[in-house]
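Trainee: No letters, just coordinates:
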């Protein structure tokens with residue numbers, strides 16, 4: 001059965017709407033109802049072609065009550081697309097590239113899909129080769145669900161700690177909403193999976209304002225203990241201390257009064273345990289955006305347990 005034939009049949013089934021023979025809970029949401037309908041249709045099609053599946057798609061519908069988006073969107077795509085791609089890449093469990101596949105509905109609906117890669121193992125099938133099975137779960141599905149869950153938590157003003165696991169995605173989504181606010185627009189997010197799954201989420205002004213609040217920074221000053229090895233010394237009064245052997249281990253640039261480094265006889269590779277005065281700029285997620293660390297003295301011994 002050709003791909004074209006499958007796509008036409010799926011399109012026809014979708015236009016016909018849900019089949020009255022399938023059962024759903026009376027309290028099912030619109031997403032649950034649509035998912036059940038699409039899965040019922042897909043099960044019927046797989047009776048004819050077991051490899052059939054829907055085309056997966058992340059869809060973002062932009063709307064504005066005051067701004068002519070149809071005219072403005074084409075010029076705005078260059079600034080709107082990178083943040084969306086970065087959000088999805090941050091939420092994906094595997095390397096994933098997102099591409100814009102279509103713009104529709106008066107140039108206000110953006111259709112995204114995962115960039116296709118060359119398939120491996122295209123040799124002839126023999127008796128030892130397992131029969132192919134339809135792929136319903138993909139890296140894009142995992143990332144898209146996480147994106148919609150992130151929007152849901154923003155809408156419900158979830159605790160910042162619950163959002164901190166997605167801190168990079170939160171900051172990238174903020175760049176996207178910054179661009180939307182320039183044209184007074186809001187966004188509806190929708191996910192359509194290969195298995196028929198449907199999920200939708202609306203990002204309202206309330207969610208955007210909460211997102212903005214999480215990105216706001218506050219300054220604080222505190223004493224902090226730093227332990228590690230010196231990896232760099234500068235005559236200007238700076239010592240870089242790396243706190244672990246891993247490549248991504250945190251490193252701190254510690255400031256000293258003039259002549260103090262020479263007076264202390266510090267050397268590269270030396271293990272140190274210092275107490276520093278830390279001037280920190282943190283966002284609402286608790287992430288340090290900027291930090292300035294000034295040497296105070298040797299760190300006191302930590303109390304034994």
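Mentor: Noted; the coordinates are in hand. Owing to the predicted nature of the structure, the values given are computational and were not obtained by experimental measurement.
Trainee: which residue ranges form the strands in the stretch 201-305 of the chain?
Mentor: 217-234, 238-242, 251-255, 271-283, 288-298 (DSSP state E, counting those that start in this stretch).
Trainee: My guess is residue 76 contacts residue 180. True?
Mentor: No: the pair residue 76 / residue 180 is not scored as a contact, 9.1 Å apart, by C-beta atoms under 8 Å. The way it works is simple: take the backbone N, C-alpha and C, and place the C-beta from them, glycine included.
Trainee: who has more neighbours, these two?
Mentor: Legend: neighbour count by other C-beta atoms under 10 Å for residue 76 and residue 180, higher for residue 180 (21 against 16).
Trainee: can you pull the buried residues of the helix or strand where that one lies?
Mentor: Assigned by DSSP states H and E, residue 180 belongs to helix 167-182. The neighbour-count check on helix 167-182 (16 or more other C-beta atoms under 10 Å) flags 167, 169-177, 179-180 as buried.
Trainee: related to what we said a few turns ago, residue 263 is nearest to which of the strands of the stretch 201-305 of the chain?
Mentor: With C-beta to C-beta as the measure, strand 288-298 is the member of the strands of the stretch 201-305 of the chain nearest residue 263 (11.5 Å).
Trainee: strand partners of that closest one, parallel vs antiparallel please.
Mentor: Strands that pair with strand 288-298, judged by DSSP bridges, come out as strand 251-255 (parallel), strand 271-283 (antiparallel).
Trainee: will you turn those strands into TSV that also has mean neighbour count?
Mentor: Putting those into TSV (neighbours: other C-beta atoms under 10 Å) gives the following:
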stretch	mean neighbour count
strand 251-255	17
strand 271-283	16
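Trainee: Among those, which comes closest to residue 80?
Mentor: Residue 80 lies closest to strand 271-283 among the strands paired with strand 288-298, at 22.7 Å (C-beta to C-beta).
Trainee: Not counting its own residues, what contacts the closest one?
Mentor: The contact list for strand 271-283 (C-beta atoms under 8 Å, 6 or more residues apart in numbering) reads 171, 214-230, 241, 252, 254, 266, 288-300.
Trainee: Buried only: go through those residues for me.
Mentor: Buried members of those, counted by 16+ other C-beta under 10 Å: 171, 214-215, 224, 226, 228-230, 241, 252, 254, 293, 295, 299.
Trainee: returning to what we had before: let me have the strands paired with strand 288-298 in JSON lines, extended by mean pLDDT and distance to residue 147.
Mentor: Compiled in JSON lines, these are given as follows (pLDDT from 0 to 100; distance: least, C-beta to C-beta, whole Å):
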{"stretch": "strand 251-255", "mean pLDDT": "96", "distance to residue 147": "32"}
{"stretch": "strand 271-283", "mean pLDDT": "95", "distance to residue 147": "20"}
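Trainee: could you dump the ones you listed to TSV with distance to residue 63?
Mentor: Shown next, in TSV, are those (distance: least, C-beta to C-beta, whole Å):
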stretch	distance to residue 63
strand 251-255	45
strand 271-283	28
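Trainee: before we move on, back to that, quick check: what element follows the helix holding residue 180 along the chain?
Mentor: Counting by DSSP H and E, the element after helix 167-182 in chain order, helix or strand, is strand 186-192.
Trainee: Give me the distance from the helix holding residue 180 to the chain's centre.
Mentor: With C-alpha atoms, centre = their mean, to the nearest Å as the basis, helix 167-182 stands 11 Å off its chain's centre.
Trainee: cool, and stretch 273-288?
Mentor: How far stretch 273-288 lies from its chain's middle: 25 Å, per C-alpha atoms, centre = their mean.
Trainee: Need the three-state assignment for residue 133.
Mentor: Using DSSP: H, G, I helix; E, B strand; the rest coil, the structure places residue 133 in coil.
Trainee: contacting residues around it?
Mentor: With contacts defined as C-beta under 8 Å, 6+ apart, residue 133 is in contact with 50-51.
Trainee: Distance check, residue 164 against residue 173.
Mentor: 14 Å (C-beta to C-beta, to the nearest Å).
Trainee: Equivalent analysis for residue 81, please.
Mentor: Here the criterion is C-beta to C-beta. By it, residue 81 lies 13 Å from residue 173.
Trainee: Repeat that for residue 203.
Mentor: Residue 203 is 9 Å from residue 173, where distance means C-beta to C-beta.
Trainee: Same question for residue 280.
Mentor: Distance, residue 280 to residue 173, using C-beta to C-beta: 24 Å.
Trainee: Overlap in contacts, residue 164 and residue 173.
Mentor: By C-beta under 8 Å, 6+ apart, no residue touches both residue 164 and residue 173.
Trainee: packing partners for the helix holding residue 180?
Mentor: Judged by 3 or more C-beta pairs under 8 Å, 6 or more residues apart in numbering; DSSP states H and E, helix 167-182 is in contact with helix 69-91, helix 139-155, strand 186-192, helix 205-215.
Trainee: Thanks a lot, catch you later.
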